[in-house]
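Peer 1: Here's a sequence, model it:
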Amino acid sequence: SYRQQKRADNENYVAQKEIDRKIELRNLRRQAYEQYLTAYRKNTILWGEDPPPADDREDVVKAEGEYWLTYSNLFQIASDPVILAVSEFHQCAWIEDPTVSKEAVERFRGLYAEMIIAMRSDVSEKTKLSKNAIQDRLPFNFGLYFQDSETAQSNPSE
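Peer 2: As a prediction, this is how the structure comes out:
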């Protein structure tokens, strides 16, 4: 009957709207996560220069401002697990800014991997990769630092 069809159409419309909202939120989160990771990388690339840039250099100020903006924008859109993982990573990598050591690098790698796992779980398929598998594939090259420091320690005359 007409009434039953209208009721079914209305239920389908409501269900489709809910699905659309979930898709839109997932896309907004994905974009926010990409912006955050990009802003973090832009900033770290600057500090990889030798010698390190001045704190007041225009591109440093811009990169730091972009990082803080993207970090703060996560709080109103990210899921709870992502907020917790990102804030733990932020505390370690940005606030504490530890001296580079094997322990600090392992902590950084672990927190970064946990953050990536939380982001992936939030916006795409659940990852089947272990935390160690992700840690071993991070887009950071710590090997050169440790290779150079180990070489210098084993060959102090060079």
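Peer 1: pLDDT score for residue 53?
Peer 2: We have a pLDDT of 88 for residue 53.
Peer 1: ok, the nearest residue to it once chain neighbours are set aside to residue 88 distance?
Peer 2: Leaving aside its sequence neighbours, residue 53 sits nearest to residue 60 (C-beta to C-beta, 6 or more residues apart in numbering; 5.1 Å). In short, each C-beta sits where N, CA and C put it, glycine included. Residue 60 is 25 Å from residue 88, where distance means C-beta to C-beta, to the nearest Å.
Peer 1: picking up where we left off before, now the residue nearest to residue 53: phi and psi?
Peer 2: Residue 60 has phi and psi values of phi -70, psi -50 when expressed as degrees, to the nearest 10.
Peer 1: dump the residue contacts of it.
Peer 2: Shown in contact with residue 60 (C-beta atoms under 8 Å, 6 or more residues apart in numbering): 43, 46, 53-54.
Peer 1: Tell me where this structure is predicted with low confidence.
Peer 2: Scanning the chain for pLDDT under 70 picks out 141-158.
Peer 1: Which stretches in it count as strands?
Peer 2: For the chain, no strands are identified by DSSP state E.
Peer 1: tell me, what residue is most central in it?
Peer 2: Note on the chain: the residue nearest the mean C-alpha position is residue 37, at 4.4 Å, using C-alpha atoms, centre = their mean.
Peer 1: which ones are touching residue 140?
Peer 2: Contacts of residue 140 (C-beta under 8 Å, 6+ apart): 44, 108-109, 112.
Peer 1: Residue 44 versus that one, what's the distance?
Peer 2: Applying C-beta to C-beta, the value for residue 140 to residue 44 is 8 Å.
Peer 1: With residue 71 instead?
Peer 2: For residue 71 relative to residue 44 (C-beta to C-beta), the value is 14 Å.
Peer 1: Out of those two, name the residue with the larger neighbour count.
Peer 2: Neighbours per residue, other C-beta atoms under 10 Å: of residue 71 and residue 44, the larger number sits with residue 71, 18 against 14.
Peer 1: you'd agree the more buried one is up against residue 89?
Peer 2: No: counting by C-beta atoms under 8 Å, residue 71 stays clear of residue 89, with 9.9 Å between them.
Peer 1: Can you give me the neighbour number for residue 87?
Peer 2: So residue 87, with other C-beta under 10 Å, has 16 neighbours.
Peer 1: Alright, calling it a day.
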